[in-house]
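**Q** give me a 3D structure for the following:
(2 chains)
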Amino acid sequence: MIIPIEYYLILSAFMFIVGVTGVLIRRNAIIVFMSIELMLNSANLTLVAFSSYMGNSVGQLFVFFVMTVAAAEAAVGLAVIIAMFRNKMTMNIDEINILKW
Amino acid sequence: MIQLIYLTVLLPFLGFLINGLFGRKFKNEKIIGIIGSGTIGISFLIVLGAFFQTLALPVEQRQTIVNLFTWLQAGGLNINIAYQVDQLSLVMSLIVTGVGFVIHIYSIGYMHGDKSFGRFFAYMNLFIFAMMNLILGDNFVLLFLGWEGVGLCSYLLIGFWYDRKFEKSSTSDAAKKAFIVNRIGDFGFLLGMFLIYLTFGSLNFNDVFSYASAVNISESTMNFIAVFLFIGAVGKSAQIPLYVWLPDAMAGPTPVSALIHAATMVTAGVYMVARCSIIFASAPAILTVVAVVGVLTAIFAATIALVQNDIKKVLAYSTISQLGYMFLAMGVGAFSSGIFHLMTHAFFKALLFLGAGSIIHSMHDEQNIQNYGGLKKYMPKTFITFIIAALAISGIPPLSGFFSKDDILWYAFYNGNILFWLIGAITALLTAFYMFRLVYLTFYGKERFEREKPPHESPNVMTIPLIILAALSAIGGFIGIPEIFSGEHGNLFENWLEPVFSNANAKLASFGIQSRSTEFLLMAVTIAGAVGSIYYARYLYLQKTGLPSVYSKKFKGLYNLLLNKYFVDEAYDAAIVSPIVRGSDKFLWKITDNKIIDGAVNGTAALIEVISQNIRKLENGIAQVYAVIMLLGIAAALFWLISSF
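**A** I've put the predicted structure just below:
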């Protein structure tokens, strides 16, 4: 049986909204970071779904690029978070607001 | 030599650069003096060479233009650095370099020991540079360059002793006054130049003058041009109502007064009117104004000179009065007589000032003639030369002043009006009187100074220039002997200048023939009057020395009026200067500047601050708020994209 594309899209949209909500309301930097990954993965799911639906492999190819970039970004992002933690001894992003007026 | 005329401009400028840049390094005053005077001396020789070369040429070829390079080119305007050698500019250059050279030599002695010796010579050379540009320039722009240049040098030299007191204020104030009053005239001159360019499409003398004499231009245009040019001349040549700067200009060193404020710069206005004679001849109404202003200035300044006690002030007012004569000559169409008087006046007035300088030098900066007296036996050379100059300015034959002054009076009578002659003749009497008042109070009578430091004759470097100028004052008049004495070859000076003024003379209506006996009669009247005045001065100031103070008490009002120079300075202060000062202080400064301009600037800053105070609250540093805004933005963009399908 073939799962219709809408299911994928609904799941993807749900994951994306969860990710956005996480980014907007959580205070722990690690969680925020994970939420960003969730958003990336929802986008990946959409790409794979459409790739299969259209019978075109370019979408799947693109997902590999996204995962590569996400891995690199995760490394950099975690390094930044560790550096900030060493400075401020906190993960709460409300307290990391040095870029204000 | 004619082609080398540009050197007469260049050399003084080189002298200025050398003395101005390295004057402090030369420890020796002689080197500075030799450079300063030498450049002028060489210039004089070049001008002399050019003069004789021109003299050898036939009359039609006597105008040469030495074109060096193009200075400005903008649209139809084309200004060359070009020097015009013709009869008029040669006469003027001979006066400026000749008298200038003598005064430079004199200054070596007069300025001896001054801490700014080099600076003095640098300014003097710069002055000659500017003056030569003024005289030789073949277009209005070059003339204007010189015109402003001499004004600048005048300013610099009046304020030369900037740390000294002068009357109630400082010499710097006198310098500023001269500069500002001159600016008023310069403004008029500039307007005249604009109008000339608008009317004739050129600023070149030859183009403008040939066009003006060939084509009939509406008289009102010519009137405006002439009146603007005349305003310039009034400022530069110290005529009513802009004469007030010249008496204050006496704050400068005495050689400066001799060179700039008697012999050369102040005659620039006369020269300019003579140069533009065709323009003035095309505006007869303005020519009458010139004559009226001239004759009024002549008598006005002469009456002030009667009671002044500062030796340089007397000479300053005398200069204003004599300049008035020159403008009277211009105004009655006797251009060459005016230039003739300019020349003889340069000789004897420079001599009077240098003589006064010699006296002041030996009296240790005392300038009040009431504190002189009996100087004859201490300073014989100064005395004799001073007497010659005083006789010359009083118009006693056969000294130079007689010929030039009588020429002017004769033309005033012949071309103008009996009133012009009458006022001119009265001025001549007053001139003789105040000059000999000066002579008797200074050289004769009891000594009214302290004997501890007896006066001494000045050194040779100062007396030799006096002797040279005395010789010129004595015999300088013979080149312009009027026709009634010289017979068939006429007035040499007038014939020499005739080609320059021929167009203007042709424009002016011809006048009726007067008999020669009238000319003799007028001469006899003025000579008799002058001699009478001299004897009266002798009577008052040598024989009955008590009388002057009796008279001054008897006519107290009149005496005070004259002593205070008709309160003109006070009137200008009240009517013009203090309203401007008060208006600037109360309105322009405290309201316009402090309230309106500063208010606008500070208000803008305050407004931006208020806006910023509110906007900056967006930048709260919380990354999630930024993310929300970003999200909203993307949502809005998406919504717009989708809805536009």
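**Q** domains in chain B, by residue range?
**A** B:1-138, B:569-643 (automatic domain parsing).
**Q** now tabulate those in a markdown table and tack on distance to residue B:147, mean neighbour count and mean pLDDT.
**A** Backbone N, C-alpha and C define where each C-beta goes, glycine included. A markdown table is the format used below for the domains of chain B (distance: least, C-beta to C-beta, whole Å; neighbours: other C-beta atoms under 10 Å in any protein chain shown; pLDDT from 0 to 100):
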| stretch | distance to residue B:147 | mean neighbour count | mean pLDDT |
| --- | --- | --- | --- |
| domain B:1-138 | 6 | 20 | 92 |
| domain B:569-643 | 23 | 11 | 91 |
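**Q** looking at these, spot the one closest to residue B:376.
**A** domain B:1-138 (21.0 Å; C-beta to C-beta).
**Q** for residue B:503, find the nearest of the domains of chain B.
**A** domain B:1-138 (12.7 Å).
**Q** what helix or strand is residue B:83 on?
**A** strand B:77-85 (DSSP states H and E).
**Q** which other helices and strands contact that strand?
**A** If you count contacts as 3 or more C-beta pairs under 8 Å, 6 or more residues apart in numbering or on different chains; DSSP states H and E, strand B:77-85 packs onto strand B:64-74, helix B:117-136, helix B:140-158.
**Q** picking that back up, among the domains of chain B, which comes closest to residue A:25?
**A** Nearest to residue A:25 among the domains of chain B is domain B:569-643; the distance by C-beta to C-beta comes to 7.5 Å.
**Q** contacts only, for the closest residue to residue B:243 other than its chain neighbours.
**A** Among residues not flanking residue B:243 along the chain, residue B:320 sits closest, at 5.1 Å (C-beta to C-beta, 6 or more residues apart in numbering or on different chains). Applying C-beta atoms under 8 Å, 6 or more residues apart in numbering or on different chains to residue B:320 gives the contacts B:238, B:239, B:243, B:246, B:247, B:297, B:301.
**Q** nearest residue to residue 41 other than its sequence neighbours?
**A** Picking chain A for this. In space, residue A:41 is closest to residue A:15, 6.6 Å off (C-beta to C-beta, 6+ apart).
**Q** oops, wrong one, chain B.
**A** Excluding the flanking residues, the one nearest residue B:41 by C-beta to C-beta, 6+ apart is residue B:101, at 5.0 Å.
**Q** doesn't the one you found belong to a helix?
**A** Yes - the assignment for residue B:101 by DSSP: H, G, I helix; E, B strand; the rest coil puts it in a helix.
**Q** next, the contact list for it, please.
**A** Counting by C-beta under 8 Å, 6+ apart, residue B:101 has contacts B:37, B:40, B:41, B:43, B:44.
**Q** which of the residues you listed fall in helices?
**A** Of the positions in the contacts of residue B:101, B:37, B:40, B:41, B:43, B:44 sit in helices, assigned by DSSP state H.
**Q** for the first one, which non-adjacent residue is closest in space?
**A** To tie it back to what came earlier, the one meant is residue B:37. Nearest non-adjacent residue to residue B:37 (C-beta to C-beta, 6+ apart): residue B:104, at 3.8 Å.
**Q** spatially central residue in chain A, please.
**A** Central residue of chain A (C-alpha atoms, centre = their mean): residue A:37, 2.3 Å from the mean position.
**Q** touching, that residue and residue A:69? I think so.
**A** No - at 11.5 Å, residue A:37 does not count as touching residue A:69 under the criterion of C-beta atoms under 8 Å.
**Q** what residues are up against residue B:500?
**A** B:86, B:87, B:88, B:274, B:277, B:335.
**Q** so which of the residues you listed belong to helices?
**A** Per DSSP H, these map to helices at B:87, B:88, B:274, B:277, B:335.
**Q** residue 91: what's it in contact with?
**A** No chain in the question, so chain A it is. The contact partners of residue A:91, by C-beta under 8 Å, 6+ apart, come to A:28, A:29, A:30, A:81, A:85.
**Q** try chain B instead
**A** B:339, B:343, B:496, B:497.
**Q** so what's the closest residue to chain A within the stretch 1-150 of chain B bridging to?
**A** Proximity of the stretch 1-150 of chain B to chain A (C-beta to the nearest C-beta) peaks at residue B:74, 53.7 Å away. Here residue B:74 shows beta-bridge partners residue B:77, assigned using DSSP bridges.
**Q** now do the longest helix seen in chain A: which elements does it pack against?
**A** Longest helix in chain A, counting residues (DSSP H): helix A:58-88. Other helices and strands packing on helix A:58-88, by 3+ C-beta pairs under 8 Å, 6+ apart, are helix A:29-54.
**Q** how much space separates the residue lying closest to residue A:74 once chain neighbours are set aside from residue A:73?
**A** Once flanking residues are discounted, residue A:74 sits nearest to residue A:37: 7.0 Å by C-beta to C-beta, 6+ apart. From residue A:37 over to residue A:73 the distance is 9 Å, taken as C-beta to C-beta, to the nearest Å.
**Q** closest to chain A out of the contacts of residue B:91?
**A** residue B:339 (78.6 Å).
**Q** wait, a helix at the closest one?
**A** Yes - counting by three-state DSSP, residue B:339 is found in a helix.
**Q** check the secondary structure at the residue nearest to residue B:37 for me.
**A** Secondary structure, three-state DSSP: residue B:104 is helix.
**Q** isn't it right next to residue B:34, touching?
**A** No - here residue B:104 does not reach residue B:34: they are 10.0 Å apart, not a contact under C-beta under 8 Å.
**Q** you'd agree residue B:439 is up against residue B:391?
**A** No - Residue B:439 lies out of contact with residue B:391 (C-beta under 8 Å); the separation is 9.3 Å.
**Q** name the element residue B:445 belongs to?
**A** Assigned by DSSP H and E, residue B:445 belongs to no helix or strand.
**Q** can you count the residues close to it?
**A** 17 (other C-beta atoms under 10 Å in any protein chain shown).
**Q** could you do residue B:456 as well?
**A** Neighbours of residue B:456 under the rule other C-beta under 10 Å: 11.
**Q** and it, helix, strand or coil?
**A** coil.
**Q** next one, pLDDT for the nearest residue in space to it that is not next to it in sequence please.
**A** Residue nearest to residue B:456 in three dimensions, not counting chain neighbours: residue B:362, with 5.3 Å by C-beta to C-beta, 6+ apart. On pLDDT, residue B:362 comes in at 87.
**Q** report the contact partners of residue B:362.
**A** Contacts of residue B:362 (C-beta under 8 Å, 6+ apart): B:378, B:379, B:455, B:456, B:457, B:458.
**Q** now residue A:58
**A** residue A:51 are the contacts of residue A:58 under C-beta under 8 Å, 6+ apart.
**Q** the closest residue in space to residue B:18 that isn't next to it in sequence: which element?
**A** Spatial nearest neighbour of residue B:18, excluding adjacent residues (C-beta to C-beta, 6+ apart): residue B:35 at 5.6 Å. Using DSSP H and E, residue B:35 falls within helix B:29-56.
**Q** and the angle for that helix with strand B:64-74?
**A** Interaxial angle, helix B:29-56 versus strand B:64-74 (axes from the mean of the first three to the mean of the last three C-alpha atoms, to 10 degrees): 110 degrees.
**Q** buried residues in the helix or strand containing residue A:16, which are they?
**A** Element membership for residue A:16, per DSSP H and E: helix A:5-25. Residues A:8, A:9, A:12, A:15, A:16, A:19, A:20, A:22, A:23 are the ones in helix A:5-25 that count as buried (16 or more other C-beta atoms under 10 Å in any protein chain shown).
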